[in-house]
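Enquirer: Just to be clear, the model below is a prediction. Sequence and coordinates:
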Amino acid sequence: MSSSLPAPTVTPAPQGGTPIPPPSGLRLPASGRRRARRQTVMFWLLRAVAACNVLALLGVCAFLLRNGLPALSWEFLTQPPRNMMTEGGIWPCIVGTAILSLGSLLLAFPLGVASAVYLHEYAGRSPFARYVRLGVNNLAGVPSVVFGLFGLSFFVTFCGFGVSILSGVLTLAVLTLPVIIGTAEEALRNVPDTYREASLALGAAKSQTIARVVLPCALPGMLTGAILGVARAAGETAAIMFTAAVFYTPRTPDSVFSAVMALPYHMYVLATAGTEIEKTRPLQYGTGLVLLLLVLGMNLLAIILRDRLQKRA
């Protein structure tokens, strides 16, 4: 009496790895071999796409380093521009960019987290919540120049704030709010429901459960939205050129109603305005390099804070 052997199977691949072949002496059926080949091809295709992204980033960084590093000096980082911006440094631009980015984050992050808590923990799947999510998703794809025109018409003109830090911070907060709401709500979805159920079973109110259980667990994920918001706010030109940035001011701001210089707008002015654009070419690359380093520094601080919060959770 003969018994038939079961068909050999392919062991599932570990995450990010290649399929584990069957034991020696066993041969996959034709359909199994085709699936294994397709899986291997897809893994290598995904690796190639990831490598292209990394190479593009390295290429941009190398280009800025090669062209902008000769312009970096202590004077360039600590002095205001002078002589029609063909000499001097970018200190007012660094201060203005930091104030606008961090100020917009301080406004948008609490509002975004509060909106995400309401949408996920209270509104649920109500029609109102669906319309709000649809509006948030649409706002996330609106070009920044539209937000700039909105800030110009509402904050600068209607509210009477003028071209100032306050107008720029409020405009950038509105611009980054959809990103923060989306990532904060996704972080709340990743908190297991068993945490909420256990807290409620112990007698805690829903508000206590959210404040003491859900938010501490979701906070590391919410900081991802904060990182994306800071990076976008720091690199915006169209939104601030209508509301906060000016062509040239050698002074640092002394109030929230002062206009400021900003690194993206300063780089745009150096590259497009004036009669000595070629003479300012090293300053353009140097400004771009400083902006890149500033954004990377802000992101690095946020990532370190997020990792520490994850270890405590």
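Expert: Looks like it arrived, so ask away.
Enquirer: show me where the stretch 1-150 of the chain has helices.
Expert: Remark: helices assigned in the stretch 1-150 of the chain by DSSP state H, counting those that start in this stretch are 30-68, 74-78, 91-117, 127-140, 144-151.
Enquirer: Highest mean neighbour count out of those helices?
Expert: Most buried of these by mean neighbour count (mean count of other Cβ atoms under 10 Å) is helix 91-117; its value is a mean of 21. Where you see a C-beta, it was placed from the backbone N, CA and C, and this is true even at glycine.
Enquirer: circling back: would you mind saying which of the helices of the stretch 1-150 of the chain lies nearest residue 178?
Expert: helix 127-140 (3.9 Å; Cβ to Cβ).
Enquirer: Which neighbouring elements make contact with the closest one?
Expert: Helices and strands touching helix 127-140, by 3 or more Cβ pairs under 8 Å, 6 or more residues apart in numbering; DSSP states H and E, are helix 165-189.
Enquirer: How about residue 72, nearest residue that isn't a chain neighbour?
Expert: If the residues on either side of it in the chain are set aside, residue 72 comes closest to residue 286, at 5.7 Å by Cβ to Cβ, 6 or more residues apart in numbering.
Enquirer: For the host helix or strand of that neighbour, give the mean pLDDT please.
Expert: Assigned by DSSP states H and E, residue 286 belongs to helix 281-312. For helix 281-312, mean pLDDT is 82.
Enquirer: which strands and helices sit next to it?
Expert: On a contact count with 3+ Cβ pairs under 8 Å, 6+ apart, helix 281-312 meets helix 30-68, helix 74-78, helix 91-117, helix 215-234, helix 263-272.
Enquirer: Taking helix 215-234 as reference, get the angle to that helix.
Expert: 180 degrees (axes from the mean of the first three to the mean of the last three Cα atoms, to 10 degrees).
Enquirer: From the chain's centroid, how far away is helix 281-312?
Expert: Taking the mean of its C-alpha atoms, helix 281-312 sits 11 Å from the chain's own mean (Cα atoms, centre = their mean, to the nearest Å).
Enquirer: for it, which positions count as buried?
Expert: Of the residues in helix 281-312, 282-292, 294-295, 298-299, 302, 306, 309 count as buried by neighbour count, 16 or more other Cβ atoms under 10 Å.
Enquirer: now it and helix 30-68, what's the angle there?
Expert: 130 degrees.
Enquirer: Report all helices and strands that the lowest-mean-pLDDT helix or strand in the chain contacts.
Expert: When each helix and strand of the chain is scored by mean pLDDT, DSSP states H and E, strand 87-88 comes last, with a mean of 80. Applying 3+ Cβ pairs under 8 Å, 6+ apart, one finds that strand 87-88 makes contact with strand 81-82.
Enquirer: The strand it packs on pairs with which strands, and in what direction?
Expert: The pairing partners recorded for strand 81-82 under DSSP bridges are strand 87-88 (antiparallel).
Enquirer: can you list the residues that contact the strand it pairs with?
Expert: 75-76, 79-82 (Cβ atoms under 8 Å, 6 or more residues apart in numbering).
Enquirer: with those residues in mind, which one is nearest to residue 102?
Expert: Nearest to residue 102 among the contacts of strand 87-88: residue 80, at 21.0 Å, using Cβ to Cβ.
Enquirer: tell me the pLDDT at the nearest residue to the closest one once chain neighbours are set aside?
Expert: Nearest residue to residue 80, sequence neighbours excluded (Cβ to Cβ, 6+ apart): residue 250, at 3.8 Å. pLDDT for residue 250: 77.
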